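**Q** Here you go, sequence then predicted model.
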Amino acid sequence: MRRGRPGLERAQVQREVSILRQLQHPNILRLHELFSSPAEVVLVLELIRGGELFDFIAEKEMLSEEEAIEFLVQILSGVEYLHARLIAHFDLKPENIMLQDKDVPKPRIKIIDFGLAQQLQDGITYRSLCGTPQYIAPEVINYEPLSPATDMWSIGVITYILLSGLSPFQGETDAETLSNVVAGAYEFEERCFSQTSELAKDFIRQLLLKEPQCRMSAAECLVHPWIKPLSRKQALSRSRSSINMRNFRKFNARRKWKVPGCGVPACLRSPPDLGRDPHLRPLPLCPPIAFLQHRVRLQPPVPPGEGG
């Protein structure tokens, strides 16, 4: 059994467990059972054997847009399910998109790690400065209200990377990356997108919009003509287009070298030019996924009169 996250507050664990208990979807990690004591909580999670989606794709000689879309449809289906229940993931990135098994004809996607997920409520504004710099939306950095549209920006970034092997906002430092995200500055470089269909670029454009209310929802993504062609010409275009495998393999190798293991979401420490100095608590490590039991050691309660 692999050790879980030590020293978490019980309320934080309870929030994640509360969300996981609501979820029963083929593309989302399932919580089977929960055992708790005053000192720790043990989660019995679905066993996931297939590793990360990006690792699986990097092993292929080539991949058409049509094949890539089969994976995106599963991701979108899981996210649509979450959003319909007013649950936002808030940490969608390649490390959190797994395969249940990979040695099967049609691998099944599993979205994991609900450590930053939130149950949103009408009339209650939620803000956070937590996430992974190259995948977060501008409203996170600007400390503005978050919504399901925040997840859709992340899907736009993931799609961009999947097709080109480039990260649209990646800078030399986290501060530069955050500045690029806030500016919404990206482009489709010809050398990396020469094999990409115009419909795929349109799909990305409709997600990487600075205004959250202008982005496509997961439901709208599923009926976009790139995902669901309206004509034979559109279907032919995506079947003839392919992802840039050479660049993609390079990106995946760099990603694994920089972030060993399953990856850790980071609290954003805004660079000076963004004018913020937030006081943030460290985030937990992501939950283990390729095993059944997950043990979380809780912080002991503060005895009365000793609180700070």
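**A** Yep, it's here.
**Q** just checking, Lys110 is part of a strand?
**A** Yes: counting by DSSP: H, G, I helix; E, B strand; the rest coil, Lys110 is found in a strand.
**Q** separation between the spatially most central residue of the chain and Lys233?
**A** What sits nearest the mean C-alpha location of the chain, by CA atoms, centre = their mean, is Leu92, with 0.8 Å. Leu92 sits 31 Å away from Lys233, going by CB to CB, to the nearest Å. Glycine gets a C-beta too; all of them are placed from N, C-alpha and C.
**Q** What degree of burial does Pro107 show, as a neighbour count?
**A** Neighbourhood size, Pro107 [other CB atoms under 10 Å]: 19.
**Q** tell me which element it is part of?
**A** Assigned by DSSP states H and E, Pro107 belongs to no helix or strand.
**Q** Could you report the pLDDT at it?
**A** We have a pLDDT of 93 for Pro107.
**Q** Now do the contacts for the closest residue to it other than its chain neighbours.
**A** Closest residue to Pro107 apart from its sequence neighbours, by CB to CB, 6 or more residues apart in numbering: Leu99 at 4.5 Å. By CB atoms under 8 Å, 6 or more residues apart in numbering, Leu99 lies in contact with 48-53, 56, 107-110.
**Q** top of the residues you listed by neighbour count?
**A** Lys110 (25 neighbours).
**Q** and it, what does it touch?
**A** For Lys110, the contacting residues are 27-29, 46, 48, 97-100, 289, by CB under 8 Å, 6+ apart.
**Q** Now list the buried members of those residues.
**A** Among the contacts of Lys110, those buried by neighbour count (16 or more other CB atoms under 10 Å) are 27-29, 48, 97-100, 289.
**Q** Take these and keep only those in strands.
**A** 97-99 (DSSP state E).
**Q** now the helices for this structure?
**A** Taking DSSP state H, the helices of the chain run over residues 10-22, 53-58, 65-84, 138-141, 148-164, 174-183, 190-193, 198-205, 218-222, 232-240, 245-258.
**Q** now for the fifth one, which elements pack on it?
**A** If you count contacts as 3 or more CB pairs under 8 Å, 6 or more residues apart in numbering; DSSP states H and E, helix 148-164 packs onto helix 65-84, strand 87-88, helix 138-141, helix 190-193, helix 198-205, helix 218-222, helix 245-258.
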